[in-house]
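Build me a model:
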Amino acid sequence: MRITLISVFIFLTGLSKAQTNTYLEDLSALKSILQKTHSFKVQIKGKKLDDYIDLYNRLSLDTTSDPNSYKYFYNLSQLLFPLRDNHLGFYQLPNYKNLKTKEAIDSFVKTKEFYLYPTYKINIDSLKIELSKKPADSIEGIYHYDKFYSVGLFRSGYKELIGVVLDSDIKLWQKGQVAIHLYEYIPNHYKAIYRHPQHKGFLLQTNEKYENKSLVNSYFYRSYSQSNYTKEPGHVDYVNLPTNSSKFELKTISDNIQYLLIRTFQADLRTILSSRKFYDSIALALNRKYLILDLRNNEGGAKKEMKKYFSLLKKYAKHGHLYILLNNGTASQAEIFTLKLQKLKNVITVGQTTMGMLTYGSNYGKRIKLPSGMFEIYPTDMKGSKKLLQYEDYGIKPNIILKNDRNWIEQVTELILKK
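From the prediction side, this is the model:
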């Protein structure tokens, strides 16, 4: 019996060391990957480098061993926090085995693993009452993820907020479970750690913002919905373009006004062919006094695709007046495009501050798994421009701010008619 107990002790001790080593291996590997990025080399120098080394050493002393724990992912994420590089991606690889069928989900929610999912001990009814009193401009409040569940977001510490489930119509989310962590790093900008709505894996959003009563970057790929966390479910969204909208469009609004939509600068073969055909069709068609250029939700792409449209609009701006529609979904190459256009005469920007994700980027789309095999990083490989760094995180603020109370194109048309 004594031999058996000793064997068990040795086994458990060895397992604990192995788990701890996995954490240290993940931490070390992530640090090594980040140090090779151009954003790290440019930004983390002198005192910042000393602070970064101190941060890494502190994290190395942690005894965290469970790769599924929040602390494990949070510690790893902290290595990305000091970098102003919003093209970086970091997330937990999803485990879909428990989600393939309704039967699998029914079985999973009865397991110890699901039962032990992190919950926040708080009176949910009291929290609802308290959060319902928060003003509309406060980030604290009750958010809805489409029709599936609601989350109460409240301050849990200095510049920290936590979001717990208040109500849920799906089995995978239950009252009290933690869905959101926010860490404010500049006013109204947050490092967000989300649990994916569908598979509950961790993911890091490096530049979350609260605007128009929503967490504007809380969109999740391969989820139940293309909605984000918002205080106004079902409210007509005039800020964002519908996900099924055209990539390119030119139409006449009135005798003096045209509308031009450019949704992407992506360089995949299908988009290039579509863009080329569209460009050829409009090359001589921009002939009205006013042009509304819609760059909402343009997530960027290739410089060469952007440059041909810039050349066209540069010619137009010599005789016409250009109004550029921007929103938080205007990102990367589309933000660079906006900065170039702003230097021309007869150009006014309207809408919402852009994403603030334009300094760096990725040519090759490389993804690297950490040693545990449970996490993946999407590193950047482009040098970027020091001139653009001032806009990273902050974005480009338009000349005229529009509100989400009615159609944006109609609002811009009214601005033009008042001239």
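
Give me the pLDDT for residue 101.
Looking at residue 101, its pLDDT stands at 77.

The one 5 residues further on too?
The confidence metric pLDDT takes the value 79 at residue 106.

so who does it touch?
The neighbourhood of residue 106, defined by C-beta atoms under 8 Å, 6 or more residues apart in numbering, consists of residue 171. For every residue, glycine as well, the C-beta is placed using N, CA and C.

next one: the helix or strand harbouring it to chain centre, how far?
Element membership for residue 106 (DSSP states H and E) is helix 102-108. On the basis of C-alpha atoms, centre = their mean, to the nearest Å, helix 102-108 sits 30 Å off its chain's mean C-alpha point.

Alpha carbons only: can I get it in CSV?
The C-alpha trace of helix 102-108 is given here as CSV (Å, rounded to 0.1, in the frame of the first residue of the first chain):
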residue,chain,number,x,y,z
LYS,A,102,-27.2,18.5,-30.2
GLU,A,103,-26.6,15.2,-28.5
ALA,A,104,-22.9,16.0,-27.9
ILE,A,105,-23.8,19.4,-26.4
ASP,A,106,-26.5,17.8,-24.2
SER,A,107,-23.8,15.3,-23.0
PHE,A,108,-21.1,18.0,-22.5
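
For the helix or strand following that helix, buried residues please.
The first helix or strand that comes after helix 102-108 along the chain, using DSSP H and E, is helix 112-115. Residues of helix 112-115 classed as buried: residue 114 (neighbour count, 16 or more other C-beta atoms under 10 Å).

Next: stretch 59-78.
Neighbour counts over stretch 59-78 (16+ other C-beta under 10 Å) mark 59, 64-65, 67-68, 72-78 as buried.

what's the first-to-last distance across that stretch?
End-to-end distance of stretch 59-78 (C-alpha to C-alpha, to the nearest Å): 9 Å.

repeat for stretch 375-382
Taking C-alpha to C-alpha, the first and last residues of stretch 375-382 lie 22 Å apart.

what sits up against it?
Applying C-beta under 8 Å, 6+ apart, the contact partners of stretch 375-382 are 26, 30, 33-34, 36-39, 67, 73, 76, 85, 87-93, 360-370.

ok, now stretch 411-419?
Against stretch 411-419 from outside (C-beta under 8 Å, 6+ apart): 253-254, 256-257, 290, 292, 321, 323, 325, 350, 400, 402.

do stretch 250-261 as well
Against stretch 250-261 from outside (C-beta under 8 Å, 6+ apart): 241, 245-249, 278, 281-282, 285-294, 409, 413, 416.

Please, a ChimeraX command that selects the buried ones among these?
The following ChimeraX line selects those of these that are buried, judged by 16+ other C-beta under 10 Å:
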select :241,248,278,286,288,290,291,292,293,294,409,413,416
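
In strands only, show me the contacts of stretch 250-261.
Counted as lying in strands by DSSP state E, out of those, are 248-249, 290-294.

Pull the most distant pair out of those residues.
Greatest spacing in those, by C-beta to C-beta: 248 and 290 (19.4 Å).

can you list the weak-confidence ranges in the stretch 251-400 of the chain?
For the stretch 251-400 of the chain, applying pLDDT under 70 flags no range at all.

So which residues of it form helices?
Remark: helices assigned in the stretch 251-400 of the chain by DSSP state H, counting those that start in this stretch are 269-282, 303-316, 333-342.

which of the ones you listed is buried the deepest?
Of all the helices of the stretch 251-400 of the chain, helix 333-342 carries the top mean neighbour count, a mean of 21, counting by mean count of other C-beta atoms under 10 Å.

what's in contact with that one?
Applying C-beta under 8 Å, 6+ apart, the contact partners of helix 333-342 are 265, 293, 295, 298-303, 305-306, 309-310, 313, 317, 322, 324, 326, 330, 347, 349, 354-358, 361, 388, 391, 395-396.

Contact partners for residue 355?
Neighbouring residues of residue 355 by C-beta under 8 Å, 6+ apart: 86, 207, 217, 328-332, 335, 395.

so which of the residues you listed is the most crowded?
Using other C-beta atoms under 10 Å as the neighbour test, the contacts of residue 355 are led by residue 330, with 31 neighbours.

Could you report the distance from that residue to residue 395?
Using C-beta to C-beta, to the nearest Å, residue 330 is found at 8 Å from residue 395.

quick one: common contacting residues for those two?
Counting by C-beta under 8 Å, 6+ apart, the shared contacts of residue 330 and residue 395 are 354-355.

List just the nearest of the ones in strands among the contacts of stretch 250-261 to residue 128.
For those, the nearest to residue 128 is residue 294 (38.7 Å; C-beta to C-beta).

Beta-bridge partners for the closest one, please?
Per DSSP bridges, the residues bridged to residue 294 are residue 261, residue 325.
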